[in-house]
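Asker: Below are the sequence and a predicted model; questions follow.
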Amino acid sequence: MLPDGRQYRVSTSDHARALDPSPFAKTVTWIVLLAVLIYFLFPIYWLVVSATKSNSDLAQSNGLWFAKNSLADNYHALIAVTHGMFWRWVANSVLYSTVAGAVGTLISVMAGYGMAKFKFRGSNSLQYVVLAGLLLPIALLTIPLYLVMHALGLTDTMWAIIIPSCVSPFGVFLGRMYADTVPDELMEAARIDGAGEFRIFFTMVLRLLAPAMVTIFLFIFVATWNNFLLPLMMVTNADSLKPVTLGLYGMMSYFDPTYGAVLQGALLGVLPLMVLFLFLQKYWQSGLAAGAVKG
């Protein structure tokens, strides 16, 4: 009991009660968040529902509920139309995106670290070149990349897709921003102890840049997975090397495709991305939070 007669209550919150939002603000916030959640989840729900339907079901039903006995038929149609290559295309997408993401992440953080911690002639100009690369859409580079890969004899090979995907100006920019947070004193102490630059980078800096690496990896992985124009130009005579995006495009080129089978292929093709985001979600959030503090 307080001297003025009020009952003392121990706070169980991590902030002052006066900072709590009003009930009206809480209600509005929940309504807005629920609307945003529905906005983002409804297309996924529609895709799941449509993957169970035949062409007639898609044309006649309202599209909001599952059809009967069409899920297995659509899957068999998907495998038949792709001549059993669908899961090969999914595996190709996983391979291309994983290799490009891993190599591109390492290149990005190495370049960003070098630009942030080493001063050399032209370092500022190099930063402007990286920023200029962010302004160029990948579609403008596809034809020059095809000419280079064709001259090297790499067209219709997996390297024609992986090598261009490993370069990410945004990854270099993000790596530089995160590398600025690495304490110079830590690096100087390691140099005094006799550590070389490569040892400092691979044993110390990479651990400090782990959240940034997860963020960069996800960006490169998703960009490579969703890339359509580059595989379309590079892979013309090798069906076994197609990614899933190019394979689904081939399904739609048939005169009378089974749309439910195509939608089921799109659903199955996006599942690896969903699993990856769920698995790396906490690391990605920590990386974005660290970048926000840096900014």
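Answerer: Structure's in. What do you need? Residues are numbered from 1 along each chain as shown.
Asker: what sits against residue 105?
Answerer: Applying C-beta atoms under 8 Å, 6 or more residues apart in numbering, one finds that residue 105 lies in contact with 171, 213, 216, 217, 220. Using the backbone N, CA and C atoms, a C-beta is placed for each residue, glycine as well.
Asker: longest helix in the protein, by residue count?
Answerer: In the chain, with assignment by DSSP state H, the single longest helix is helix 86-117.
Asker: buried sites along that helix?
Answerer: Counting neighbours by 16 or more other C-beta atoms under 10 Å, one finds that the buried residues in helix 86-117 are 86, 88-90, 92-94, 96-101, 103-117.
Asker: now stretch 203-219
Answerer: Buried residues in stretch 203-219 (16+ other C-beta under 10 Å): 204-206, 208-209, 211-219.
Asker: Specify which member of these is nearest to residue 139.
Answerer: residue 219 (17.9 Å; C-beta to C-beta).
Asker: Give me the secondary structure label for that closest one.
Answerer: Assigned with DSSP: H, G, I helix; E, B strand; the rest coil, residue 219 falls in the helix class.
Asker: was I right about it contacting residue 169?
Answerer: No. Applying C-beta atoms under 8 Å, one finds residue 219 not in contact with residue 169, separated by 11.0 Å.
Asker: Residue 7 versus residue 87, what's the distance?
Answerer: 66 Å (C-beta to C-beta, to the nearest Å).
Asker: Report the two of the contacts of residue 105 separated the most.
Answerer: 213 and 220 (10.5 Å).
Asker: neighbours of residue 141, just the number please.
Answerer: When neighbours are defined as other C-beta atoms under 10 Å, residue 141 has 16 of them.
Asker: list the buried ones in the helix or strand hosting it?
Answerer: Per DSSP states H and E: residue 141 is located in helix 138-151. By neighbour count on 16+ other C-beta under 10 Å, the buried set for helix 138-151 is 141, 142, 145, 146, 149.
Asker: before we move on, what about stretch 266-285?
Answerer: Using 16+ other C-beta under 10 Å as the test for burial, stretch 266-285 gives 266, 267, 268, 269, 272, 273, 276, 280, 283, 284.
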